[in-house]
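1. build the 3D model from these lines:
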Amino acid sequence: MKPDYNRQGFYRHLIAAVVIMILYQGIGPFTLHKATFIPFGHDSSIDVTTSQWVTLPDYYTNLKWLYPTIREIDTIDAMQPTDVAILPWSFMYPGLQPLPLNDTLFYNDPAGTISFQQWQRESDMYDDFMAKKTQITIGGTVVLARGVHTVIQNNNDPLFPFGNTASLFKKSDISIINLKSPLIHNFEKPSNPFTLVGPAIYANALSEIGITIAAIAGNHMGDAGTAGFEETLHHLQANGIQTVGGGASHADAYACRVIDHNGNRFGFLAFNNVWSTIDKATHATPGIAWLDEDALTAISACQSTVDMVIVMVNWGIEYTHAPRDIEREWAYKMANAGATLILGDQAHWVQQHETINTTHVSYGLGNYIFDQHWSEKTRQGIIQTVVVYNHRIIVRDTIPIELQPSGAVSRVPRGSSTYTNIMSAYNEPVAPTPK
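-> Model prediction:
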C-alpha cells in the first residue's frame with residue numbers, strides 16, 4: 001500500500017504548527033533581550049578585580065564567552081569565601097550581597113553591571129527596576145552643635161562635616177537621619193559642654209544634602225527648652241524636611257509619616273528609650289514619642305496603611321557593642337507589631353544586627369555627624385541604604401564611615417582594615433534569642 005503523501009504532509013504541517021505554538025505561546029517567544037549580571041559576594045570587602053569569578057550552570061555558557069577564566073559551581077554553597085559570583089541582578093540568596101563593579105553598585109548606575117544580549121522569553125526587568133526603584137538612605141547620630149559647630153565656623157561651610165558622604169543622601173529618593181541637637185534662630189554657644197544646640201541655618205544644610213526626614217526623638221532635643229524644640233520643628237519643616245518622633249502633641253509625636261514613591265508606600269516612626277531633656281508628648285503639651293505601648297500601637301496602625309514601616313529608635317547604653325536584652329525584647333515587640341526595618345542609635349558605637357522573622361534590625365548605626373573624636377569606635381559609624389522595587393527589599397547595603405581629623409566624615413575604603421573592623425562589629429552574631 002502506497003503512503004498517503006497528502007495525509008503525511010498534513011501531519012507534518014500540523015506538527016510544525018504545534019511546535020511553533022508551543023514555542024511562541026507556551027514558553028516564548030524567545031527573542032534577543034539584554035541580560036544584566038552583577039557581582040555578588042559573602043564579604044562586602046572582597047576585591048572584585050582580583051578574586052576568582054564563579055557562576056551557576058544556567059549562566060556559565062554565556063559568561064564563559066566573555067570571561068574565559070570564570071569557573072562553574074553547582075550551588076551557591078560551593079562558593080569559596082573569597083569567590084565573586086556573577087549572577088543576574090535580581091538574584092537573591094541569604095548572606096549574598098551585591099558588590100561594586102567599576103566602583104559602582106548596580107542600583108546606582110548601569111556602569112556597575114555586566115550586560116549582553118541573549119535569547120530570552122522576556123526582559124530581565126533591569127531597566128524597569130532602575131526606573132521604578134525607591135532608594136532609602138539612613139544615617140545615625142547627627143549633632144550640629146559643639147565641636148561640629150566649630151568645624152563649620154572654621155571652614156565657613158555648613159556642608160563641610162558631611163564630606164564625601166553627602167552624595168549618598170543626595171542620590172537617594174528618601175533620606176533620614178537621627179537629629180539630636182535643636183536648631184534655633186537666636187543661637188548663643190552654650191557654656192555647658194553637654195548642652196547640644198546649633199544655629200537654625202544648619203537646617204538648610206540638611207536640606208541641601210537631600211535629607212527628607214529627621215527623626216527628632218533624641219534625648220537632647222530638649223536642650224533649648226520646649227520653645228527651642230518647637231522652633232526646631234518649624235525650621236526643619238520650612239526647609240522641606242518632615243519630622244518624626246516628636247511634635248506639638250501626643251498625636252503628632254506618634255504619627256506615622258507616610259511617603260509614596262514609585263508605587264511603594266512607606267511609613268516612618270521614631271521613638272526614644274533613654275533619659276531625655278524633653279518629656280513625652282501629651283495631648284496638651286509638645287514632646288517626643290517614647291518607646292512604650294503607645295509606640296507599638298502606632299506601629300500597628302501605621303502598618304495597616306503602608307507597605308513598609310521604618311522605625312528609628314534612640315535606645316541602649318553608650319559605648320557598647322552589643323544590645324542589651326531589653327533592646328532586643330523591644331525589637332521583637334516592634335517586629336511583631338509590624339515594623340519592617342528597625343534602625344537604632346545612641347550607643348555611639350556600631351552595634352550588631354539581626355533578622356527577626358522578616359524584620360531587619362540594626363541595633364546601632366553609630367555616629368554620623370558628631371564631635372566624639374576621642375576614640376576609634378566613636379569616630380566610626382555606618383550608613384545604610386535600602387532599595388525597594390515592587391514592594392520588596394532588593395538591597396540592604398551597609399557603608400562604613402569615619403570622622404577624619406579635619407572634622408569631615410568620609411566613606412571608608414573597601415578592603416581597608418578599618419572597613420573590615422567596622423563590618424566585623426556589625427556582622428558579629430548576636431547572643432541567643434532573649435527569653
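2. what residues are up against Ala322?
-> Ala322 sits next to Gln351, Gln352, Tyr363, Glu428, Val430, Ala431 when contact means C-beta atoms under 8 Å, 6 or more residues apart in numbering. Bear in mind the C-beta positions are built from the backbone N, C-alpha and C, glycine included.
3. can you check what pLDDT the model gives the second one?
-> Gln352 is assigned 98 on the pLDDT scale.
4. just for the protein, where's the confidence low?
-> 1-30, 434-435 (pLDDT under 70).
5. ok, which stretches of it are helices?
-> Listed in chain order, the helices of the chain (DSSP state H) span 5-21, 57-66, 126-132, 146-155, 166-170, 202-208, 225-238, 250-253, 293-303, 325-337, 417-427.
6. that older thread, of the contacts of Ala322, select the buried ones using a PyMOL command.
-> Typed into PyMOL, the line below selects the buried ones among the contacts of Ala322, using 16 or more other C-beta atoms under 10 Å:
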select buried, resi 351+352+363+430
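7. and of the contacts of Ala322, the nearest to Ile46?
-> Glu428 (18.6 Å; C-beta to C-beta).
8. I'd guessed the closest one sits against Gln352; true?
-> Yes. Using C-beta atoms under 8 Å, Glu428 is in contact with Gln352, at 5.4 Å.
9. which residues does the residue nearest to Ile216 when sequence neighbours are not counted bridge with?
-> Residue nearest to Ile216 in three dimensions, not counting chain neighbours: Gly246, with 4.2 Å by C-beta to C-beta, 6 or more residues apart in numbering. Here Gly246 sits in beta bridges with Ile288, as judged by DSSP bridges.
10. circling back to that earlier point, okay, the helices of the chain in a markdown table with mean neighbour count next?
-> Output for the helices of the chain, formatted as a markdown table (neighbours: other C-beta atoms under 10 Å):
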| stretch | mean neighbour count |
| --- | --- |
| helix 5-21 | 10 |
| helix 57-66 | 13 |
| helix 126-132 | 15 |
| helix 146-155 | 17 |
| helix 166-170 | 19 |
| helix 202-208 | 21 |
| helix 225-238 | 17 |
| helix 250-253 | 18 |
| helix 293-303 | 19 |
| helix 325-337 | 18 |
| helix 417-427 | 17 |
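11. re earlier: shared neighbours of Glu428 and Gln352, which are they?
-> Joint contacts of Glu428 and Gln352 (C-beta under 8 Å, 6+ apart) are His321, Ala322.
12. residues in contact with stretch 116-134?
-> Contacts for stretch 116-134 (C-beta under 8 Å, 6+ apart): 27-36, 62, 66, 88-90, 107, 110, 113, 115, 173-174, 261-264, 266, 387-390, 394.
13. residues contacting Arg257?
-> Ile213, Gln242, Thr243, Val244, Gly267, Phe268, Leu269.
14. out of these, who's nearest Phe229?
-> Distances from Phe229 to the contacts of Arg257, taken by C-beta to C-beta, are shortest for Thr243, at 10.4 Å.
15. and that closest one, how many neighbours does it have?
-> Other residues near Thr243 come to 23 when the count uses other C-beta atoms under 10 Å.
16. isn't it up against His235?
-> No. Using C-beta under 8 Å, Thr243 makes no contact with His235, being 10.2 Å away.
17. what bridges to the residue nearest the centre of the chain?
-> Centroid-nearest residue in the chain: Thr385, 2.5 Å away (criterion: C-alpha atoms, centre = their mean). Beta bridges link Thr385 to Thr137, Asp397, judged by DSSP bridges.
18. kindly provide the distance from it to Ser44.
-> In this view, Thr385 and Ser44 are 12 Å apart by C-beta to C-beta, to the nearest Å.
19. what do you get for Leu206?
-> Counting by C-beta to C-beta - Leu206 and Ser44 are separated by 28 Å.
20. that older thread, what sits against the residue nearest to Ile216?
-> Residues near Gly246 by C-beta under 8 Å, 6+ apart: 216-217, 221, 229, 233, 252-253, 270, 278, 281, 286-289.
21. how close does Met228 get to Trp290?
-> Just to correct that, residue 228 is Gly rather than Met. According to C-beta to C-beta, Gly228 and Trp290 sit 20 Å apart.
22. same check, this time on Cys302
-> Applying C-beta to C-beta, the value for Cys302 to Trp290 is 16 Å.
23. equivalent analysis for Val274, please.
-> 10 Å.
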